[in-house]
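Chemist: What follows is a predicted protein model with its sequence.
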Amino acid sequence: MYNKKSLIICIIIISSLFTFCKTKKVKDSSMDNQEEIIFNTKKTTDNIYNANKSMMLILDYTLGKNPIITYSYQVIDAKTKKELKKGVFTGDKIEWLDNNTLKCTPYIGMTIRENDQVIEGSKNEKVKYITIKIN
């Protein structure tokens, strides 16, 4: 009999703990001051002439939160509007190197050396460019 009473009392105590001991929703006041971050993407088209203005580079790309940009490029003759070169390049930027060559800069980002040292934009590191000949 004593065992049944203690069992019933234990069940009542445990069930009351689950029923009456509810946590309050805690509202963090530091979260109220936080602003929402929204990344906007912008589709851009640039027309860039070479030094003697005989050819025009047309770049189509989307700017957003990603530093790596995928360029759709097209080189046309400025007078005849004939397409000379067309392609896609993924990297940092494309610009004219001289009158017949495009200079494409690949995205390097952060590099890690053997001693786990992170190097970001070091002056000693030489950037390798990709060149695209037009003619």
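Modeler: Everything's here; your move.

Chemist: Let me know the distance separating the residue nearest the centre of the chain from Thr90.
Modeler: Nearest to the geometric centre of the chain sits Asn66, at 1.9 Å (Cα atoms, centre = their mean). Per Cβ to Cβ, to the nearest Å, Asn66 is found 10 Å from Thr90. C-beta here means a position set from N, CA and C on the backbone, and glycine is covered the same way.

Chemist: What of Leu17?
Modeler: 60 Å.

Chemist: where do the helices sit along this structure?
Modeler: Remark: helices assigned in the chain by DSSP state H are 2-20.

Chemist: Which parts of it are strands?
Modeler: For the chain, the strands defined by DSSP state E occupy 42-49, 55-63, 69-77, 83-91, 93-98, 101-105, 111-112, 118-119, 130-133.

Chemist: In CSV: these, plus mean pLDDT and distance to Ile13.
Modeler: Below are the strands of the chain laid out as CSV (pLDDT from 0 to 100; distance: least, Cβ to Cβ, whole Å):
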stretch, mean pLDDT, distance to Ile13
strand 42-49, 94, 63
strand 55-63, 94, 63
strand 69-77, 95, 65
strand 83-91, 94, 66
strand 93-98, 93, 71
strand 101-105, 94, 71
strand 111-112, 62, 58
strand 118-119, 57, 57
strand 130-133, 92, 74
